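Trainee: no sequence on this one, just coordinates:
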C-alpha cells in the first residue's frame, strides 16, 4: 500500500517543518512522529490484534491526530466519537461498530465502560513510523451519518477507497507543497476533515485547526490573516457568516480556496473572490459514501460561470469516479434532462456497515461502458449540460445539510414524535436571513411547553440536529396528493 | 454609557433572541453558560447588539468577545 508509505516518507522527510498549529502551539513533523510512535506502542500493548475498529474521542489536539496515523500504521480503522454528542448516540455507534477500545486524549476518560486508553503524556518510545502491511480492503475509518429510522448509519471507507481519492485529488492540480499553510476547520466526525489533514501531511505542509471554543468564521479569518494561509477547504455557510465583513478581508496569500458540503451560491463566490485576489476557487462535491468528494468545478474569474437558481455547478467527475444521471428505473436520462445523480468507481464504499437493507436500496449494478458497474444513488437531483458539467437541482428525499452535516429530517421527526407521545411533528429545513439552513419543527397540536421536548432531543441528537424554531398548527395542510404539504409548512418559518 | 446600562441592554438582547433570561450578567459569563447561545444564535445576537448600541464590530473584535466582561469593554470602546 503506497498511501501509508508515502505518508511515512513525507513525515520523515519534513522533520523540521511544522505539521500542526493547534491553539497557537506549533508541532513539528518530528514531534508528531514521536507522538505517533508513543501511541503505536500503546496500541500494540493494549489493543488486541483482532480488533479492527477503534473508537477515537475527537478532541482538538496533537494526540488525536497522531492517534489516527498510529491506528493506520497499525492497520486499524478509526471511528470518531464526538465527546459533545449525546452519550446515547455515541453508545449506539460504539455498539454498531463493535468497538472495544477507545483512544482518548482527554485528561479523564470520556467512556469508562470500555477499554479507554488515555493518549496524553505517554513516555517516549523509540521512533517507529513504518506502517504495517495492509491491503486495499483494510478499513481506514467508519463515519456515522444521520439515518432515517433513528439509528445512525455507518459508512466504512477502505485504504483502497482513500488511495483512489488521493490520486484523484492530486490530479486536480490544486497543488500543495511543503511551504503551504492549510486550514482544517472540520469536526473529526465529518469526512471533509480527512482531506484537510491528510493532503497536507502527505506533502509536508502545515495544518491549522480551530479550537472548539472559538467562533469558527471569525477564527478562520484571523488564521488567514495572521498566518497567511495558502490553502483552505470550507463549507459555504462560513461565507454567509463572513459576508457582512468581506470589506475587511484581504488575503493575497491564499492560493486555493475550495468549497464542499453545501450548495455554493455564485454571487457570494464572486464577492469572496475579491477577498482572496490570487486564489483559485473551486467547488467540489461528493457524499461520504464516495470518499470525501469526487466531482470538481474550477470557478472562472473572468468568464461566465454555470449556475442553476444561483447555485454554482458541481462540474465534472474527478479522475477515479464515473457518474450517470438516471430516472426511477435506473435508466440513463438524455443529456439536459433531470434525474438522480449516481456515482461509481474505486472511491465507492464497500457498503453501509451491517445494513444490508439500506445497501439494497441505494447500490445497484448496471452495464456501463460495456462493463458491469456498481453505482450509488446520491439522492441528489441533477442535470448535466452538453459539456458534461452537472448542475445540482435539489434533493429527491428529505435530507438537509446543516453547516455541511447531513441530516435526515425523518430522524428528527422520529425522536420528536417519541418525545411528544405520538403527536405528529414535521421537521423542516429552511433558509434563514443570512442564507444558512436552519431546522424548524412544526407540531400538530395546540401550543404546548416545548422545554421537555428539547431536553429529550438534546439527549438523543447532536446539537446541529436540534430544531432552532418550533411552531404549532392545529392540522397539517395537505397537498394535492393528500400528503402533508411541506412547502406550506416551510412558509411558517420564512 | 455606564457599565450597568450596557449590561442591561445586552441582557434585553439575549432575552429577545433566546426567549429566556436564565443567566446572570457577571463578567465571566460565556456563551457556553447560556442555554441556546450557539454559533447559530451568536450571529443574531451580535447583529442585535450592533443595532442596540448603533455600533459595528470588526471581524477581529468578534474573537475578543470571550466573556461578558470583554463584550462590555469592546462595546464601551466603540460608543
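Mentor: Noted; the coordinates are in hand. This is a predicted model, so every value here is computed, not measured.
Trainee: How about the residues of chain B by chain A?
Mentor: Residues of chain B lying near chain A by C-beta under 8 Å from any C-beta of the partner chain: B:32, B:38-43, B:58-60, B:62-63. For every residue, glycine as well, the C-beta is placed using N, CA and C.
Trainee: Closest to residue A:298 out of those residues?
Mentor: Using C-beta to C-beta, residue B:59 comes nearest to residue A:298 of those, at 27.3 Å.
Trainee: low-scoring stretches of the stretch 101-250 of chain A, by residue?
Mentor: By pLDDT under 70, the stretch 101-250 of chain A has no low-scoring segment.
Trainee: who in it is up against chain B?
Mentor: Residues of the stretch 101-250 of chain A lying near chain B (C-beta under 8 Å from any C-beta): A:213-216, A:218-219, A:221-222, A:241-242, A:245, A:248-249.
Trainee: In contact with the closest residue to residue A:118 other than its chain neighbours, which residues are there?
Mentor: With C-beta to C-beta, 6 or more residues apart in numbering or on different chains as the criterion, residue A:118 has its nearest non-adjacent residue at 5.7 Å, and that residue is residue A:104. Contact partners of residue A:104, counting by C-beta atoms under 8 Å, 6 or more residues apart in numbering or on different chains, are A:57, A:110-111, A:116-119.
Trainee: Likewise for residue A:366?
Mentor: A:324, A:330, A:372-373, A:375 are the contacts of residue A:366 under C-beta under 8 Å, 6+ apart.
Trainee: Give me the subset of these lying in strands.
Mentor: Counted as lying in strands by DSSP state E, out of those, are A:324, A:372-373, A:375.
Trainee: Which of these has the largest number of neighbours?
Mentor: Within those, most neighbours by other C-beta atoms under 10 Å in any protein chain shown means residue A:375, with 22 neighbours.
Trainee: Could I get the pLDDT score of it?
Mentor: Looking at residue A:375, its pLDDT is 98.
Trainee: Help me confirm that it comes into contact with residue A:367.
Mentor: No: with contacts counted by C-beta atoms under 8 Å, residue A:375 stays clear of residue A:367, the gap being 10.9 Å.
Trainee: which one of the contacts of residue A:366 sits closest to chain B?
Mentor: residue A:375 (35.9 Å; C-beta to the nearest C-beta).
Trainee: so where do the helices sit in the chain?
Mentor: Defaulting to chain A. A:2-13, A:29-46, A:62-73, A:87-96, A:159-171, A:192-203, A:216-226, A:236-242, A:266-275, A:356-362, A:409-419, A:451-460, A:486-491 (DSSP state H).
Trainee: switch to chain B, that's the one I care about
Mentor: B:3-18, B:39-53, B:59-62, B:68-78.
Trainee: how near is whichever residue of the stretch 251-400 of chain A sits closest to chain B to residue B:62?
Mentor: Nearest to chain B, among the residues of the stretch 251-400 of chain A, is residue A:275, at 10.9 Å (C-beta to the nearest C-beta). Remark: distance between residue A:275 and residue B:62 (C-beta to C-beta, to the nearest Å) = 16 Å.
Trainee: Equivalent analysis for residue A:375, please.
Mentor: Relative to residue B:62, and taking C-beta to C-beta, residue A:375 is found at 45 Å.
Trainee: Would you check how far apart the spatially most central residue of chain B and residue A:228 are?
Mentor: Centre of chain B computed as the mean C-alpha position; nearest residue by C-alpha atoms, centre = their mean is residue B:10, 5.1 Å away. Residue B:10 sits 35 Å away from residue A:228, going by C-beta to C-beta.
Trainee: Find the least confident helix or strand in chain B, judged by mean pLDDT.
Mentor: helix B:39-53 (a mean of 85; mean pLDDT, DSSP states H and E).
Trainee: which outside residues touch it?
Mentor: Looking at what lies outside helix B:39-53 - C-beta under 8 Å, 6+ apart - the contacts are A:215-216, A:241, A:403, A:434, A:436, A:438, A:468, B:6, B:9-10, B:12-14, B:16-18, B:31, B:37, B:55-57, B:62, B:65, B:71, B:75, B:78-79.
Trainee: rerun that using 6 Å as the cut-off
Mentor: By C-beta atoms under 6 Å, 6 or more residues apart in numbering or on different chains, the list of residues contacting helix B:39-53 from outside reads B:9, B:13, B:17, B:56, B:75, B:79.
Trainee: Setting aside sequence neighbours, what's the nearest residue to residue A:84?
Mentor: residue A:463 is the one closest to residue A:84 (C-beta to C-beta, 6+ apart), at 7.0 Å.
Trainee: Look up how far residue A:369 lies from the one you found.
Mentor: 44 Å.
Trainee: Compare those two (neighbour count), which wins?
Mentor: residue A:463 (15 against 6).
Trainee: Can you give me the pLDDT of that one?
Mentor: 90.
Trainee: Tell me the spacing between it and residue A:114.
Mentor: 23 Å.
Trainee: Could you report the neighbour count for residue A:494?
Mentor: So residue A:494, with other C-beta under 10 Å, has 10 neighbours.
Trainee: re earlier: nearest to chain A, out of the contacts of helix B:39-53: which one, please.
Mentor: Nearest member of the contacts of helix B:39-53 to chain A, counting by C-beta to the nearest C-beta, is residue B:56, at 9.0 Å.
Trainee: Burial check on the closest one, number of neighbours?
Mentor: For residue B:56, using other C-beta under 10 Å, the count is 11.
Trainee: Not counting residues beside it along the chain, what's closest to it?
Mentor: Residue B:56's closest residue in space is residue B:50 (C-beta to C-beta, 6+ apart), at 5.7 Å.
Trainee: now residue A:450
Mentor: residue A:470 (5.1 Å).
Trainee: for the one you found, which residues make a bridge with it?
Mentor: For residue A:470, the beta-bridge partners under DSSP bridges are residue A:441.
Trainee: Okay, it and chain B: tell me how far apart.
Mentor: Here the criterion is C-beta to the nearest C-beta, to the nearest Å. By it, residue A:470 lies 10 Å from chain B.
Trainee: Look at that residue and report its pLDDT.
Mentor: 94.
Trainee: swap in residue A:329?
Mentor: pLDDT at residue A:329 comes out at 92.
Trainee: Check the spacing between it and residue A:371 real quick.
Mentor: Distance from residue A:329 to residue A:371, by C-beta to C-beta: 20 Å.
Trainee: Of those two, give the one with the bigger neighbour count.
Mentor: residue A:371 (9 against 5).
Trainee: ok now do the nearest residue to residue A:426 once chain neighbours are set aside, which residues does it touch?
Mentor: For residue A:426, ignoring the flanking residues on the chain, the nearest one in space by C-beta to C-beta, 6+ apart is residue A:442 at 5.0 Å. Residue A:442 makes contact with A:426, A:471, A:473, A:489 under the criterion C-beta under 6 Å, 6+ apart.
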